[in-house]
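Peer 1: coords please:
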Amino acid sequence: ALRERGRGVDACCVVGADWALVDPALVDRAIERHRERPDAHALAFCQAPPGLGAAVLSAGLMDEYVAGSPSAGVFASVGGMLGWIPVAPQLDPIAKPQCVTTPPEVRDAQERFVCDTARGVELARRAWRALGDAARDADALAVVRACGAPGLTPDGPEVVHLEVAAGAARVMPTALAVRVIDELASLPGPVALTLGHDALAHPDWARLTQLSRDSAGPGVGAGVGAGVWGVHVRTRLRCDEDALRLLLASAPDVVSVDLVSDDALTYARLEGVDGHALAQANLQKLLERRAPGTHGPSRAWVVPRLTRRDAVHDEVEAFALRWTMLAGHALLDPLPGPDDLPGARIAPLPWPATYRARAGRTTLRIDADGRATLLHPPGVAARGVDVSRITLAQAWRTLMAEDAARGGGAGSAPGPHVETKHAPSARLAG
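Peer 2: You can find the predicted model right below:
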């Protein structure tokens, strides 16, 4: 407990050593907000991007997290406390006094102002060049404006979606998948890697998952070098017991399970196979067997997913309620595009402008045929390049240059290109 280790400390406000641009006034206001009503404001926080603000947690609240972790899982955490709990609905915490508000320009900055990546270091350099010594005590709004964020075009992707298999009929050649994963270490900064669309349909999925984990070398987490800082495996989870054990042994950070439908007949009609019972049973086993941490949520996040479409329209609410309580997470996906699932309707909502701007300049998608594109909204045509013929770095530069020439069609108009080098010592979940 914090009181035992901290000799009577009642609360803590954690500020990272690599938060070079943290706003001292926001930190002070968060502490003041906690002190006003320590019991009611056991968690005080501010609406600021990572690295600019801070949160204050009482010792009693942290004791509750530790005690509740074995049974409550993800709900015994800051994220769980701020998120939606179906059995305990509450007013959004950002509308309560425990939240220190910030200007919309700060709240919507869509950046991590932490010097643990090349991008984060470049943001800090921008602020110090623009503000000089005043950057040391500058407020969050001045920092965001000085950095020109959003708009900093990176020298490499932050997220890579690698479609190793789109069903048994469309599988990426193992040699190409291995080469792509190996090349991640040559990129300017660490990336979050998704293996999909149904990773376990690839005959060498276990090897690829383990290779991805091995790519997270000692430089990742120290802000030096590149590689993979997080592995996400997306799957239908129609597999045997041996594959389930291998999946857990490969230790991905996140496992997404596309359940298709909670109804067996609907599942069979949509998938063309009777895999409902197997997928549901495997998901339950995955939730039961994932290795728990010493204090906190289980090591692997297990996320049930459902694609919104006519066939499952009546299931959506019950799906979200049930799986949020059982797994701690439940994700509702939009239709991938109007031509991908004809007749399914329920058109996807437009992407928020802030998300579209960031996703279009940080995320690289590579399909099973080796075609690489920038992330784009469903139904929007995207220019692609063949990564079987060029390196990942070349593919990224080509796509970013073409996007800039079109005026930022994948996201929003990008800012000036930044040649980022390896960050000095510092870390990367967005």
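
Peer 1: What segments of the stretch 1-150 of the chain are helices?
Peer 2: With DSSP state H, counting those that start in this stretch as the definition, the stretch 1-150 of the chain shows helices at residue ranges 2-6, 24-36, 59-72, 78-82, 104-107, 118-131, 140-147.

Peer 1: ok, now the stretch 251-400 of the chain?
Peer 2: Using DSSP H, counting those that start in this stretch, helices in the stretch 251-400 of the chain cover 264-271, 276-289, 316-327, 353-359, 392-405.

Peer 1: Nearest to Arg126 among these would be which one?
Peer 2: When the helices of the stretch 251-400 of the chain are ranked by proximity to Arg126, the top entry is helix 353-359, at 16.9 Å, counting by Cβ to Cβ. Quick note: C-beta positions are derived from backbone N, CA and C, even for glycine.

Peer 1: So which elements touch the closest one?
Peer 2: Secondary-structure packing of helix 353-359 (3 or more Cβ pairs under 8 Å, 6 or more residues apart in numbering; DSSP states H and E): no helix or strand packs against it.

Peer 1: got the buried residues for that helix?
Peer 2: Buried residues in helix 353-359, defined by neighbour count with 16 or more other Cβ atoms under 10 Å: Arg356, Ala357, Arg358, Ala359.

Peer 1: okay, who's weakest in those residues by pLDDT?
Peer 2: Between the buried residues of helix 353-359, the one the model trusts least by pLDDT is Ala357, at 75.

Peer 1: how close does that one get to Asp253?
Peer 2: When distances are taken as Cβ to Cβ, to the nearest Å, Ala357 and Asp253 turn out to be 26 Å apart.

Peer 1: Not including adjacent chain positions, what is the nearest residue to Ala330?
Peer 2: Here the nearest residue to Ala330 in space, its sequence neighbours aside, is Trp323; by Cβ to Cβ, 6 or more residues apart in numbering that works out to 3.9 Å.

Peer 1: Relative to Arg305, how far out is the one you found?
Peer 2: In this structure, Trp323 and Arg305 are 9 Å apart, going by Cβ to Cβ.

Peer 1: Kindly report the same for Arg207.
Peer 2: Plainly put, Arg207 is 24 Å away from Arg305 if you go by Cβ to Cβ.

Peer 1: Same check on Arg236?
Peer 2: Taking Cβ to Cβ, one finds Arg236 at 10 Å from Arg305.

Peer 1: Could you do Leu247 as well?
Peer 2: The span separating Leu247 from Arg305 equals 16 Å under the rule Cβ to Cβ.

Peer 1: go on, Leu82?
Peer 2: With distances defined as Cβ to Cβ, the gap from Leu82 to Arg305 amounts to 22 Å.

Peer 1: before we move on, what about Ser212?
Peer 2: Going from Ser212 to Arg305 by Cβ to Cβ gives 20 Å.

Peer 1: Those two: which has the busier surroundings?
Peer 2: When neighbours are counted by other Cβ atoms under 10 Å, Ser212 comes out ahead of the other of Ser212 and Arg305, with 26 against 17.

Peer 1: That one and Gln110: what is the separation?
Peer 2: In this structure, Ser212 and Gln110 are 26 Å apart, going by Cβ to Cβ.

Peer 1: ditto for Glu163
Peer 2: With distances defined as Cβ to Cβ, the gap from Glu163 to Gln110 amounts to 25 Å.

Peer 1: Apart from its chain neighbours, what residue comes closest to Glu271?
Peer 2: Per Cβ to Cβ, 6+ apart, closest to Glu271 is Val260, 5.7 Å.

Peer 1: What count of nearby residues applies to the one you found?
Peer 2: In terms of burial, Val260 registers 23 neighbours under the definition other Cβ under 10 Å.

Peer 1: Check Ser250 too.
Peer 2: Look at Ser250: counted by other Cβ under 10 Å, it has 20 neighbours.

Peer 1: now do the one 5 residues further on
Peer 2: Counted by other Cβ under 10 Å, the residues lying close to Val255 total 25.

Peer 1: do Leu211 as well
Peer 2: Using other Cβ under 10 Å, Leu211 has 18 other residues around it.

Peer 1: Also the one 4 residues further on?
Peer 2: Each residue near Ser215 was counted by other Cβ under 10 Å, and the total is 21.

Peer 1: How about Leu82?
Peer 2: The number of residues near Leu82, taken as other Cβ under 10 Å, comes to 16.

Peer 1: Identify the residue spatially nearest to it, adjacent ones excluded.
Peer 2: Across the structure, with Cβ to Cβ, 6+ apart as the measure, the residue nearest Leu82 apart from its sequence neighbours is Pro93 (5.2 Å).

Peer 1: And the one you found, how close does it get to Ile85?
Peer 2: Using Cβ to Cβ, one gets 12 Å for the distance from Pro93 to Ile85.

Peer 1: Likewise for His34?
Peer 2: Computed as Cβ to Cβ, the His34 to Ile85 distance reads 22 Å.

Peer 1: same question, Asp403
Peer 2: Asp403 sits 40 Å away from Ile85, taking Cβ to Cβ as the criterion.

Peer 1: who's more crowded, those two?
Peer 2: Under the criterion of other Cβ under 10 Å, the comparison of Asp403 against Ile85 puts Asp403 first, with 23 against 14.

Peer 1: For the closest residue to Arg112 other than its chain neighbours, give me the pLDDT.
Peer 2: In space, not counting the residues next to it along the chain, Arg112 is nearest to Pro50; the distance is 4.7 Å by Cβ to Cβ, 6+ apart. As summarised for this prediction, Pro50 has a pLDDT of 95.
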